[in-house]
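Peer 1: structure of the sequence below:
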Amino acid sequence: MKIETMVEFFLQHKFLLTSVFIISFFCVKALIINVIKRKSKQSRRLKINLVNNVFTLLVIVLIINIWSNEIQQFAFSIAAFIVAIVLATREFIQCFIGFIYILSSRPFRIGDWIQVGKYYGEVHSSDWAKLTLLEVNKFDYQYTGKTLYVPNSQLITSVIKNLNFLKRYAMHHFTIVRDDSVNPFTFIDTLHEKANLYCEEFKEVAIRYNHLIENRLDISISGPEPHIQVATSELGDTQVIFSIFCPTEKALEIEQKLTADFMQLWFAKK
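Peer 2: Have a look, this model is predicted:
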């Protein structure tokens with residue numbers, strides 16, 4: 001009798017029942033997240049993000065079940081305003097559809113480097129409304145310290161590029177522009193030797209990683225041998241274009257070394 005009385009009491013006081021459910025769910029979620037933080041050393045963010053999404057979905061489903069009669073009556077009462085409501089909440093609807101699209105197609109995972117439109121970053125987390133990115137500078141492959149919040153609606157209309165292989169190795173391009181007073185072909189072989197020397201320590205790993213990317217993407221990419229190309233600009237200046245397949249963290253270091261070698265050879269000839 002006590003259990004039946006308690007059930008009837010909670011059914012008559014749905015606000016109290018809803019509050020108890022929400023508080024209980026948040027306590028359980030906080031306990032699970034604490035356990036994950038203490039015991040999980042790998043994929044911690046992925047597990048926490050999964051727990052957050054699962055508990056959010058459960059809370060929404062339970063609230064809808066508890067208030068189903070009231071929601072149904074409310075829906076009938078606002079039938080005349082349904083068009084206005086859809087228009088007012090279309091951004092939220094698009095965000096939710098974008099979330100479903102990401103879950104179904106899985107173009108990326110937590111921790112991947114991606115590009116959404118003009119934004120670059122590492123995927124930190126995602127929920128029904130937004131995608132959270134840790135911004136990455138595409139020129140030096142370093143974290144900027146900024147956090148980007150991209151609405152899920154943009155994931156439907158924008159091109160998504162998975163740049164995850166850039167976390168380890170990158171095809172780094174840079175160009176040195178000088179006047180036409182020196183012929184760079186007189187020392188281009190020396191630059192090739194310098195580039196091969198700087199890439200020697202990771203050459204074997206670069207070859208394996210290059211083949212791995214080609215097999216995974218089913219395409220051919222340049223590398224891992226360094227490439228140096230000489231061209232001219234619209235103003236007639238000499239351009240020396242470098243393409244180096246190297247570890248991401250060494251890209252700027254190798255660029256500075258090759259730039260120093262180029263300048264030394266250039267002024268020696270001049």
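Peer 1: longest helix of the chain?
Peer 2: helix 14-39 (DSSP state H).
Peer 1: how far is it from where the chain is centred?
Peer 2: 29 Å (C-alpha atoms, centre = their mean, to the nearest Å).
Peer 1: what are the buried residues along the helix or strand just after it?
Peer 2: Going down the chain from helix 14-39, the next helix or strand is helix 44-66, by DSSP states H and E. Residues of helix 44-66 classed as buried by neighbour count (16 or more other C-beta atoms under 10 Å): 46-49, 51-53, 55, 59, 63, 66. (C-beta placed from N, C-alpha, C; glycine too.)
Peer 1: alpha carbons only: can I get helix 44-66 in PDB?
Peer 2: Provided in PDB are the C-alpha atoms of helix 44-66 (Å, rounded to 0.1, in the frame of the first residue of the first chain):
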ATOM      1  CA  ARG A  44      38.600   9.700 -21.900                       C
ATOM      2  CA  ARG A  45      36.900  12.500 -23.800                       C
ATOM      3  CA  LEU A  46      35.100  10.100 -26.100                       C
ATOM      4  CA  LYS A  47      33.600   8.200 -23.200                       C
ATOM      5  CA  ILE A  48      32.600  11.300 -21.300                       C
ATOM      6  CA  ASN A  49      31.000  12.700 -24.500                       C
ATOM      7  CA  LEU A  50      29.100   9.500 -25.000                       C
ATOM      8  CA  VAL A  51      27.900   9.500 -21.400                       C
ATOM      9  CA  ASN A  52      26.700  13.100 -21.700                       C
ATOM     10  CA  ASN A  53      24.800  12.400 -24.900                       C
ATOM     11  CA  VAL A  54      23.200   9.200 -23.600                       C
ATOM     12  CA  PHE A  55      22.000  10.800 -20.300                       C
ATOM     13  CA  THR A  56      20.700  13.900 -22.100                       C
ATOM     14  CA  LEU A  57      18.700  11.600 -24.400                       C
ATOM     15  CA  LEU A  58      17.300   9.600 -21.500                       C
ATOM     16  CA  VAL A  59      16.300  12.700 -19.600                       C
ATOM     17  CA  ILE A  60      14.400  14.000 -22.700                       C
ATOM     18  CA  VAL A  61      12.600  10.700 -23.200                       C
ATOM     19  CA  LEU A  62      11.600  10.400 -19.600                       C
ATOM     20  CA  ILE A  63      10.300  14.000 -19.400                       C
ATOM     21  CA  ILE A  64       8.300  13.400 -22.600                       C
ATOM     22  CA  ASN A  65       6.800  10.200 -21.100                       C
ATOM     23  CA  ILE A  66       5.900  11.800 -17.800                       C
END
